[in-house]
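In: below: sequence and its predicted model.
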Amino acid sequence: MIPLTLADIAQVTRGQLHNLPDANALVAGPISFDSRDIAADGLFACLKGRTLDGHDFAVQAVANGAKAVLADRPVDAPAIIVSDVLEAMGHIASTVAEEYTGTVIAVTGSAGKTTTKDVLENILALDGPTVANAKSFNNEIGFPVTVSRVMPTSRYLLLEMGARGKGHIASLCQMVRPRIATVLGVGSAHLGEFGSKQAIADAKAEIIHTLPEHGVAVLNTDDPLVAPMVRQTVARVLTFGTTGACDVRADDINVSPDSHPTFALKHIDREAHVTLGHIYGRHNVMNALAAAATAIAAGVPFDRIAQGLETAELSSGGRMEVTRRAHDGVTIINDAFNASPESVLAALEALADIAGPERRRIAVLGEMAELGDEALDWHDKVAHKVVVTGVHRTIGVGGHHAQHMINAIRSSGLDATSAALATGLAGHVNAQLQPGDVVLVKGANALGLESVARELAAMTPPV
């Protein structure tokens, strides 16, 4: 973290120093809300969860290296007592951001945020020291933790921003104002909460409303709800896409013999033929294109961008994570971190690409959540995609929407069954596999299918 004294932190959080021998001691490490993961001279935030209270771990956090803790009541450890710990974390992040002199980049969208962030982080790191969200730490808790990791020497601060309602992104931008902001697309994730796709678009557009005149809005003009955002910002606009007129373009999209996406990256008179050598799924070309366009907006040299795309890996896990079992050649596609409708359709296309014409395709599909009145329609669309892509066996997990999907697949004459989300699900799937099968595991994060995919990848062939 850009160093702050304990007295400085108390001032910006309107807190009271408690049990602190030296108010001028520097906090140079980041904020953490896990007492097991404390950086030396960092700050531990005593957040209250559903089952655990961080205040109970204050002493342990200091023993593990924290300079002090943020708490809303006195504890037996050096502390800054504040009225609201989460709000105090935001104030600290704002203070750090004001001191930071590097480039702040923000990314949002209904799907692909974390993948784009991972790819872009790989590109930016080739150009200079970069700090980015770990995993999907993109909300009001993870955001200040990420900002607190920035150092005076950091060239880039890359922030993924999520929203579950109107004003969420605006609030994050108020905490840390980006100079470059990228909008990937507007999908159906959280449609039940927002009420309409236009409402989702309005929430995503908040990220470009705060851009300064010298900033850059990076917009996906393939998306009919993102393209009009060019009129909603005072910043310069850089567009990307695969159709029509755009500044940064992907052409000749294909899949290599080893199932990795390939494309031609074009900007003005420059062109590079790119293979995403560690990434699967041709839908990830758009995420890679967004990352490239954002890096162009940041001034990264074109050759360096192409190099970063070639070597980029998806470090956050649970997103097109492909594992091949050595003993039977079964391939597991773990795409189970979450499941917006559009991402499920894309994952089924990736399953077909990876399996090719010779290998059996198995799909373990969890029920999609938070879709409101459109839930049945979207499960019908997934059922149709299963049929079109020729999935040999589908295993549905979840409630009546999942069962509705399974019934629709069965009515088309394909093999489809339901399974309970229980401890034995991985074993149940494994018992149905044949050597060389390709298995897609995809579902809403709340279903916990990511652990099922990992367990399945580690299993031996059925006897």
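Out: Sure, I can see it. Numbers count the residues shown, from 1 in each chain.
In: send me stretch 231-242 as CSV with only the CA atoms.
Out: This file holds the C-alpha atoms of stretch 231-242, laid out as CSV (Å, rounded to 0.1, in the frame of the first residue of the first chain):
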residue,chain,number,x,y,z
ARG,A,231,-22.8,9.7,-26.5
GLN,A,232,-22.7,9.4,-22.7
THR,A,233,-19.2,10.4,-22.0
VAL,A,234,-17.0,13.5,-22.3
ALA,A,235,-13.9,11.3,-22.7
ARG,A,236,-12.4,10.1,-25.9
VAL,A,237,-13.9,6.9,-27.2
LEU,A,238,-12.1,3.9,-28.6
THR,A,239,-14.3,1.2,-30.0
PHE,A,240,-13.7,-2.5,-30.6
GLY,A,241,-15.7,-5.3,-32.3
THR,A,242,-15.9,-7.9,-35.0
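In: just the element for I354, please.
Out: Using DSSP states H and E, I354 maps to helix 341-355.
In: with just CA atoms, put that helix into CSV.
Out: The C-alpha coordinates for helix 341-355 follow below in CSV (Å, rounded to 0.1, in the frame of the first residue of the first chain):
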residue,chain,number,x,y,z
PRO,A,341,-27.3,-17.5,-20.0
GLU,A,342,-25.0,-16.1,-22.7
SER,A,343,-22.0,-17.7,-21.1
VAL,A,344,-23.7,-21.1,-21.0
LEU,A,345,-24.5,-20.9,-24.7
ALA,A,346,-20.8,-20.0,-25.4
ALA,A,347,-19.5,-22.8,-23.2
LEU,A,348,-21.6,-25.3,-25.1
GLU,A,349,-20.0,-24.1,-28.3
ALA,A,350,-16.6,-24.5,-26.7
LEU,A,351,-17.5,-28.0,-25.7
ALA,A,352,-18.2,-28.8,-29.3
ASP,A,353,-14.9,-27.2,-30.5
ILE,A,354,-12.8,-29.1,-27.9
ALA,A,355,-14.5,-32.4,-28.4
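In: so how far is it off the chain centroid?
Out: Chain-centre distance of helix 341-355: 18 Å, with C-alpha atoms, centre = their mean, to the nearest Å.
In: what is the rounded mean pLDDT of that helix?
Out: The predicted model assigns helix 341-355 a mean pLDDT of 95.
In: give the next helix or strand downstream of it.
Out: strand 361-366.
In: and that following strand, how far out from the chain middle?
Out: Its chain's C-alpha centre and that of strand 361-366 lie 22 Å apart, by C-alpha atoms, centre = their mean.
In: elements contacting it?
Out: Judged by 3 or more C-beta pairs under 8 Å, 6 or more residues apart in numbering; DSSP states H and E, strand 361-366 is in contact with helix 341-355, helix 375-388, strand 393-397, helix 400-411, helix 425-430, strand 438-442, helix 449-457. From N, CA and C alone the C-beta is placed, and that goes for glycine too.
In: look up phi and psi at the residue nearest the centre of the chain.
Out: Closest to where the C-alpha atoms of the chain average out (C-alpha atoms, centre = their mean) is T114, at 2.4 Å. T114 adopts backbone torsions of phi -70, psi -40, taken as degrees, to the nearest 10.
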